[in-house]
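*Asks:* structure of the sequence below:
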Amino acid sequence: MSHIAARVLGGVFVVVGVFMTVAVWGSYQRDVRIVREGRVAEGTVVKKMFLAGTDDSEYVLIYAFTPVDGTQRLEHRRNISSTLWKQLRVGDRIQVVHGHSDPRRSFPEGQGVTTPGLALFISAIALFHILLGGLVLFAKAAPEASQDDSGASPSSS
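*Replies:* A predicted model of the protein is given here:
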């Protein structure tokens with residue numbers, strides 16, 4: 001691999017790692033802020049979906065609510081715990097927490113916060129990207145082997 005290509009690849013790894021870290025902690029902070037400072041509105045379960053995968057399953061809730069101080073009814077889709085999904089029925093009333101300034105950021109009460117464990121796990125992966133990229137980016141290029149046509153070592157006279 002050429003020296004320039006290695007530097008570009010290293011730079012990409014660093015940028016991706018930094019982006020992942022900023023994105024996951026930004027998401028965590030946003031969710032915590034919504035829980036602390038957000039508003040609670042009454043919503044309605046519109047639809048429930050179960051998406052089965054080979055390695056994991058998703059329990060999806062589609063709900064609608066009118067934000068506090070709002071007139072437009074919003075509909076959202078959110079993955080929720082299997083326990084809550086099994087308890088709820090279409091038409092049930094739920095409490096929806098939404099952002100004060102942006103009601104499109106919402107989740108059923110108790111279901112929305114990005115966990116610190118997930119943020120730490122993704123940060124660890126991002127740190128690996130940053131370290132690997134930094135290693136490639138700032139590594140000294142290996143000197144190319146010089147070819148000696150005579151094959152003899154220099155001698156002193």
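
*Asks:* can I get the longest strand belonging to the chain as CSV, trimmed to CA atoms?
*Replies:* For the chain, the longest strand by residue count, based on DSSP state E, is strand 39-52. Presented in CSV, the C-alpha positions along strand 39-52 are these (Å, rounded to 0.1, in the frame of the first residue of the first chain):
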residue,chain,number,x,y,z
ARG,A,39,-42.6,17.7,28.5
VAL,A,40,-45.0,14.8,29.0
ALA,A,41,-48.0,14.4,26.7
GLU,A,42,-50.6,11.7,26.4
GLY,A,43,-50.3,9.5,23.4
THR,A,44,-52.1,6.6,21.8
VAL,A,45,-50.7,3.3,20.6
VAL,A,46,-51.4,3.2,16.8
LYS,A,47,-49.7,0.0,15.9
LYS,A,48,-47.4,-2.7,17.2
MET,A,49,-44.9,-4.6,15.1
PHE,A,50,-42.7,-7.6,15.9
LEU,A,51,-39.7,-7.9,13.6
ALA,A,52,-38.0,-11.2,14.0
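
*Asks:* next secondary structure element downstream of that strand?
*Replies:* Counting by DSSP states H and E, the next helix or strand C-terminal to strand 39-52 is strand 57-65.

*Asks:* so that following strand versus strand 39-52, what angle?
*Replies:* Strand 57-65 and strand 39-52 are oriented at 150 degrees to each other (axes from the mean of the first three to the mean of the last three C-alpha atoms, to 10 degrees).

*Asks:* strand 57-65 pairs with which strands, and in what direction?
*Replies:* Using DSSP bridges, the strands paired with strand 57-65 are strand 39-52 (antiparallel), strand 74-79 (antiparallel).

*Asks:* make a markdown table out of these and add distance to residue 137.
*Replies:* Glycine gets a C-beta too; all of them are placed from N, C-alpha and C. Listed next are those as a markdown table, based on distance: least, C-beta to C-beta, whole Å:
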| stretch | distance to residue 137 |
| --- | --- |
| strand 39-52 | 40 |
| strand 74-79 | 36 |
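
*Asks:* among those, which is nearest residue 27?
*Replies:* strand 74-79 (13.8 Å; C-beta to C-beta).

*Asks:* one step back: outside of the longest strand of the chain itself, list whatever touches it.
*Replies:* For strand 39-52, contacts defined as C-beta atoms under 8 Å, 6 or more residues apart in numbering pick out 57-69, 75, 85, 88-100, 103, 108-109.

*Asks:* show me which of these are buried.
*Replies:* The neighbour count (16 or more other C-beta atoms under 10 Å) marks 59, 61, 63, 65-67, 85, 88, 94, 96-99, 103, 108 as buried among the contacts of strand 39-52.
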